[in-house]
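Visitor: missing the sequence, but the structure's below:
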């Protein structure tokens, strides 16, 4: 079964501290993974895609096929990073269906 | 370029009623998908449309249906509403479906409350 697991509902850190939002997936084959972010009162928006290996707003995510993980990291958290973060997996079969994790709320304290 | 537009923003219905939600994709986008967002279940895929055809459907009962028009606008309908249908319904559009490099652009959603 294709599944995405985000084990933490809430992650609370202080400003300037490193952040790691965990994401594990279950998928046969080569997965396409994404991180989406939803800031307060804003739309859900794409943060980054593993396929492009980009860094957005200081966040990076590396696909680890051995551990079936796609953790989101940032070395120094900022207060404006506070938001809900969703890890998502593109379903197989040439569809646009995304399978989302339950989401992790990141709270960055001053 | 205007973003994905969903109407109405809020809806209050009672059990047993039916409801229709509308989604206008970004101009030029031909693929529209719908998601249900609840605090308990998170984001769950409802269905996906491309060129007026439903390409994929999630695990929702037949009370949930949708369609796409020739201008790519989409509607979803929920009949015989239940309390558990209360949720934020999100629409997302992309140029074409199934391409990993394509971004999905989400609307602000329609908040449905069933009383």
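Guide: Received, thanks. Owing to the predicted nature of the structure, the values given are computational and were not obtained by experimental measurement.
Visitor: near chain A at all, stretch B:79-89?
Guide: No: between stretch B:79-89 and chain A, judged by CB under 8 Å from any CB of the partner chain, nothing touches; the nearest distance is 9.8 Å. From N, CA and C alone the C-beta is placed, and that goes for glycine too.
Visitor: check contacts around the residue most central in space within chain B.
Guide: The geometric centre of chain B, computed from its C-alpha atoms, lies nearest to residue B:34 (CA atoms, centre = their mean), at 3.1 Å. By CB atoms under 8 Å, 6 or more residues apart in numbering or on different chains, the contact set of residue B:34 is B:23, B:45, B:46, B:47, B:48, B:66, B:74, B:76, B:89, B:90, B:91, B:92.
Visitor: From residue B:42, how far off is the last one?
Guide: Taking CB to CB, to the nearest Å as the measure, residue B:92 falls 15 Å from residue B:42.
Visitor: Between these two, point out the one with more neighbours.
Guide: For residue B:92 versus residue B:42, the count of surrounding residues by other CB atoms under 10 Å in any protein chain shown is larger for residue B:92: 25 against 17.
Visitor: what's across from the more buried one in the sheet?
Guide: Beta-bridge partners of residue B:92, counted by DSSP bridges, are residue B:33, residue B:106.
Visitor: Residue ranges in chain A under the pLDDT threshold?
Guide: Where chain A drops to pLDDT under 70, the residues are A:94.
Visitor: which strand of chain A spans the most residues?
Guide: The residue-count maximum for a strand in chain A (DSSP state E) belongs to strand A:83-90.
Visitor: Check which helices and strands that one sits against.
Guide: If you count contacts as 3 or more CB pairs under 8 Å, 6 or more residues apart in numbering or on different chains; DSSP states H and E, strand A:83-90 packs onto strand A:3-5, strand A:33-38, strand A:98-100, strand A:104-109, strand B:42-50.
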